[in-house]
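> Sequence isn't available, so here's the structure alone:
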Ligand code: MG
C-alpha cells in the first residue's frame, strides 16, 4: 500500500464559552484547526487533526501546520502508511523538528492501519483497558468565584476532574484554588495548571498557601530547572507539561524523578507513534499521565480517546474531550462524553467519518 495524496483543510472551531483564557493574559476565541487527509493507492483514506492553542502556547501555530505540510507531504508520497515507525523516520529525515506538522500525517496513517487490519487504533496501540476513560474539564481563567461556579456547573454534567487555569497574580491564584476546592467532594481531583506563568518564588508561595488542599501543581514555571526547584520545596503531587516535549527530556525527567504525572500532548510529541513510545516508557517507569493534545475537535478527540483507552487504567491520570468545548462538529463517530467519561470507537481505525461539507475545499493538496 502506498500514500498517493495528502490534503489539508482549515476549520474554525468557536467555543461554547466564547473564550478560553490562561496564564499571562493569553486567550483564544476561535480555534484554527487543520484536518489532514491521507489517501492511498488501494482506496483507503485516513484522517488526522492538528490544532495549536494559539501561536503563543507551544512553538506551533496554525498556519505553520499548513506551511509545514506543503514542505513535508511530497516526502511521504509513495511511502507505506502502515509502516509507521519507518514513516516517522522518513518524516524526521525530510524535516528537522516541527513535530506538530508531522502529527496529523502520523494520526491519519494510524487510521489507515486500523482500517486495513479491521482493528480500532486503541487495540493496535496496545489494547483496550476497561469500558471507558475519565475526563477532566479545563476551567478558563476568570475570577475565583466565576471559576468555582464553572466547576460546580461542570460537576453537574458529570466531570469529576478539574484543571484550573492559574499562573496569574499569586494572591488571586490562591483564592482561585481555595474557592474551587470548597465546591469539590471526596473522589474529585483538582489540578492547578500555571502553564509556565509563575516565577519560582511565586509558585512556592502559592503552594505553601494551599498546603492543606488536595491539589496537583502543574508546570508552575517556564523552564524545567525552575519547575524542579519548585517541586523539591512543595508537598503537592507535581505535573510537568510544556517542558516535556520529546523523549530526551522525558528520559531526563524520569531519571531525576522530576514529576509524578506528565502531560503528553499528541502534536507536541509529533503524533501517536511517538506518543505511544513516551506513554509506554511512562508505564514502565511508574509515571502516570494526562493524555491529550493542545486542542482540536472531533478527530483530535478520537485520536486522544484511542491513546487514552489503550493506557493501563492506573497510569491514566486523566484525558479530555475537546470536541465538547467547541460548537462545530467535523466528523461523525467521534467519542461523545457520557457522565464525565468517554470511550474510543470499536470501529476499525479511528472510527470517524469526516463531514466533507464542513471541511470544504482543501487548502493543501499534494499528490
Ligand atoms: Mg498543562
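Looks like it came in fine. Quantities reported herein were computed from a predicted structural model and do not represent experimental measurements.

> Show me what the mean pLDDT comes to for stretch 59-66.
For stretch 59-66, mean pLDDT is 98.

> Oh, that last question was meant for stretch 259-276, not what I typed.
The pLDDT scores in stretch 259-276 average 98.

> And the helix of greatest length in the chain, what's buried?
Ranked by residue count under DSSP state H, the longest helix found in the chain is helix 99-117. By 16 or more other CB atoms under 10 Å, the buried positions in helix 99-117 come out as 99-116. (Glycine included, C-beta is placed from N, CA and C.)

> repeat for stretch 86-103
Buried residues in stretch 86-103, counted by 16+ other CB under 10 Å: 87, 88, 90, 91, 95, 98, 99, 100, 101, 102, 103.

> ok, now stretch 344-359?
344, 345, 347, 348, 349, 350, 351, 352, 354, 359.

> Please tell me I have it right and the fourth one contacts residue 117.
I take that to be residue 348. Yes. Counting by CB atoms under 8 Å, residue 117 is a contact partner of residue 348 at 7.2 Å.

> ok so, going back, in strands, which of the buried residues of stretch 344-359 fall?
Among those, the residues falling in strands (DSSP state E) are residue 354.

> can you put the buried residues of stretch 344-359 in TSV and add pLDDT and distance to the ion?
Converted to TSV, the buried residues of stretch 344-359 look like this (pLDDT from 0 to 100; distance: CB to the ion, whole Å):
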residue	pLDDT	distance to the ion
344	98	22
345	98	26
347	98	30
348	98	32
349	98	28
350	98	24
351	98	27
352	98	25
354	98	28
359	98	29
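
> nearest to residue 294, of the buried residues of stretch 344-359?
residue 350 (18.0 Å; CB to CB).

> so who does the closest one touch?
Residue 350 makes contacts with 46, 47, 107, 110, 111, 114, 121, 299, 302, 303, 306, 333, as judged by CB atoms under 8 Å, 6 or more residues apart in numbering.

> If we use 6 Å, what do you get?
Shown in contact with residue 350 (CB atoms under 6 Å, 6 or more residues apart in numbering): 111, 121, 302.

> what's the burial count for the closest residue in space to the first one that isn't next to it in sequence?
To tie it back to what came earlier, the one meant is residue 111. Nearest non-adjacent residue to residue 111, counting by CB to CB, 6 or more residues apart in numbering: residue 46, 3.3 Å away. For residue 46, the neighbour count with other CB atoms under 10 Å is 27.

> What strand or helix carries residue 46?
Assigned by DSSP states H and E, residue 46 belongs to strand 45-50.

> Which strands or helices does that strand pack on?
In terms of contacts (3 or more CB pairs under 6 Å, 6 or more residues apart in numbering; DSSP states H and E), strand 45-50 is packed against strand 30-40, helix 99-117, helix 298-309.

> what about those, which gets the closest to residue 364?
Evaluated with CB to CB, the helices and strands packed on strand 45-50 place strand 30-40 nearest to residue 364, the distance being 8.3 Å.

> sorry, back to before: right, and the residue nearest to residue 111 touches residue 112 too?
Yes. With contact defined as CB atoms under 6 Å, residue 46 and residue 112 form a contacting pair (3.7 Å).

> Return the member of the contacts of residue 350 nearest to residue 62.
Once CB to CB is applied, the member of the contacts of residue 350 that ends up nearest residue 62 is residue 302, at 19.8 Å.

> returning to what we had before: for the ion, state which of the buried residues of stretch 86-103 is nearest.
residue 100 (15.8 Å; CB to the ion).

> Distance check, that closest one against residue 19.
Plainly put, residue 100 is 23 Å away from residue 19 if you go by CB to CB, to the nearest Å.

> and what of residue 106?
Distance from residue 106 to residue 19, by CB to CB: 31 Å.

> Ok, residue 94 next?
Residue 94 is 37 Å from residue 19, by CB to CB.

> what are the ranges of the helices in this structure?
So, for the chain - with DSSP H - the helices run 62-76, 84-94, 99-117, 121-124, 144-156, 170-181, 200-209, 224-231, 247-255, 266-269, 272-285, 298-309, 356-359.

> how far does the third one sit from the chain's center?
When C-alpha coordinates are averaged (CA atoms, centre = their mean, to the nearest Å), helix 99-117 and its chain have centres 16 Å apart.

> Which other helices and strands does it contact?
strand 30-40, strand 45-50, helix 62-76, helix 84-94, helix 266-269, helix 272-285.

> quick check: angle from the last one to helix 99-117?
Spelled out, it's helix 272-285. Interaxial angle, helix 272-285 versus helix 99-117 (axes from the mean of the first three to the mean of the last three CA atoms, to 10 degrees): 90 degrees.

> got the buried residues for helix 272-285?
So, applying 16+ other CB under 10 Å, buried residues of helix 272-285: 272, 273, 274, 275, 276, 277, 278, 279, 282, 283.

> cool, and the third one?
Within helix 62-76, the residues that count as buried by 16+ other CB under 10 Å are 62, 64, 65, 66, 68, 69, 72, 73, 75, 76.

> filter those residues down to the ones near the ion?
Subset of the buried residues of helix 62-76 in contact with the ion: empty, counting by CB under 5 Å from the ion.

> Can you give me the neighbour number for whichever residue of the stretch 251-367 of the chain sits closest to the ion?
Residue nearest to the ion within the stretch 251-367 of the chain: residue 263 (4.9 Å; CB to the ion). Using other CB under 10 Å, residue 263 has 23 other residues around it.

> From residue 76, how far out is it?
28 Å.

> same check, this time on residue 2
Residue 2 is 10 Å from residue 76, by CB to CB.

> residues in contact with residue 172?
Counting by CB under 6 Å, 6+ apart, residue 172 has no contacts.

> Now with 8 Å, please.
Residue 172 neighbours (CB under 8 Å, 6+ apart): 143, 144.
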